[in-house]
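S.K.: quick one, fold the following:
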Amino acid sequence: MSIGANSYGSVSDVAGMVPRYADAGGDNFSTATRPTLAQVESWINQISAILNGMLAEAGFVVPVTQADVKAALGFFVVQEVSSLAEGVNGSGRFGPTAKQPGNKGRFTVLVEDAQAYIQGNKAGFERLGAARAYPITAGLAFRDTDNAGDPTFPLVERKGFGNKDRDWDPPTS
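M.R.: Numbers count the residues shown, from 1 in each chain. As a prediction, the model looks like this:
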C-alpha cells in the first residue's frame, strides 16, 4: 500500500509524532512495528478521504493543492493518525481506557473532529486560495412567481417596520 495522490500528511510525520511506536530510528514504520507501515498508510488515506468528502461538500476542489491549506490538512490527518497509533498501543484518546463524552466510538469522534475542523476553517481556506468547485452561495435561489405563475411578493417589506429610506451620503457642496 502507499499514500494516495488525494491524501494529506506523510508516514514520517506520523512517526515524528509517535516515535515510540515507529522503528528503532523513530522515523518510519515497518511490518514489525505496531501499527505497521501498511496500517499507517491506510489510515492516512482513509482520514484524507473523509476530509475530501467534507471539503467537497463545502464546495472545495479536491484534492486541495494550495500549499498552506494542504499543509494544514496534512497536520490534521497526522494528528488523527497519531491518535490511532497511540490507541492501538493502549494509550491516548483512542486507547481502551479513554472515556469519550457520551461513550462515542473512535469513528464518531474522528468524524466530529473533521467536521469541526472543516467548518471552523473553510473561510480561511478560501481566503488562502483553496479553489472552490462552486461558490458558497450555490443552491440559493429566488422565485419571482409561484407554482401558478402569479408574481410573488417579499414576506417582509423594508417599510413594513416603519423604516424610512435614508440618504447616507448627503450632497457635498
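
S.K.: which non-adjacent residue is nearest the one residue sitting closest to the centre of the chain?
M.R.: Nearest to the geometric centre of the chain sits Ile118, at 3.1 Å (C-alpha atoms, centre = their mean). In space, and not counting its chain neighbours, Ile118 is closest to Met54: 4.5 Å by C-beta to C-beta, 6 or more residues apart in numbering. C-beta: built from backbone N, CA, C; applies to glycine.

S.K.: and the one you found, what helix or strand is that in?
M.R.: Using DSSP states H and E, Met54 falls within helix 37-57.

S.K.: what about the helices in the chain?
M.R.: Counting by DSSP state H, the chain has helices at residues 11-17, 37-57, 67-88, 106-128.

S.K.: verify the stated contact: Glu126 with Ala133.
M.R.: No: using C-beta atoms under 8 Å, Glu126 makes no contact with Ala133, being 11.7 Å away.

S.K.: looking at these two, which is more packed in?
M.R.: Set Glu126 next to Ala133 and count neighbours by other C-beta atoms under 10 Å: Glu126 wins out with 18 against 12.

S.K.: related to what we said a few turns ago, tell me the angle the helix holding Met54 makes with helix 106-128.
M.R.: Here helix 37-57 runs at an angle of 60 degrees relative to helix 106-128 (axes from the mean of the first three to the mean of the last three C-alpha atoms, to 10 degrees).

S.K.: list the buried residues of helix 37-57.
M.R.: Using 16 or more other C-beta atoms under 10 Å as the test for burial, helix 37-57 gives 37, 39-48, 50-52, 54-55.

S.K.: any idea of the mean pLDDT for stretch 129-140?
M.R.: For stretch 129-140, the mean per-residue pLDDT is 82.

S.K.: contacts for that stretch next, please.
M.R.: For stretch 129-140, the surrounding residues in contact (C-beta atoms under 8 Å, 6 or more residues apart in numbering) are Ala56, Ala58, Gly59, Phe60, Val61, Val64, Thr65, Gln66, Asp68, Val69, Glu126.

S.K.: same deal with stretch 45-63?
M.R.: Here stretch 45-63 makes contact (C-beta under 8 Å, 6+ apart) with 1, 3-9, 64, 70, 73, 76-77, 80-81, 110-111, 114-115, 117-119, 122, 125-126, 130-136, 138.

S.K.: noted, bye for now.
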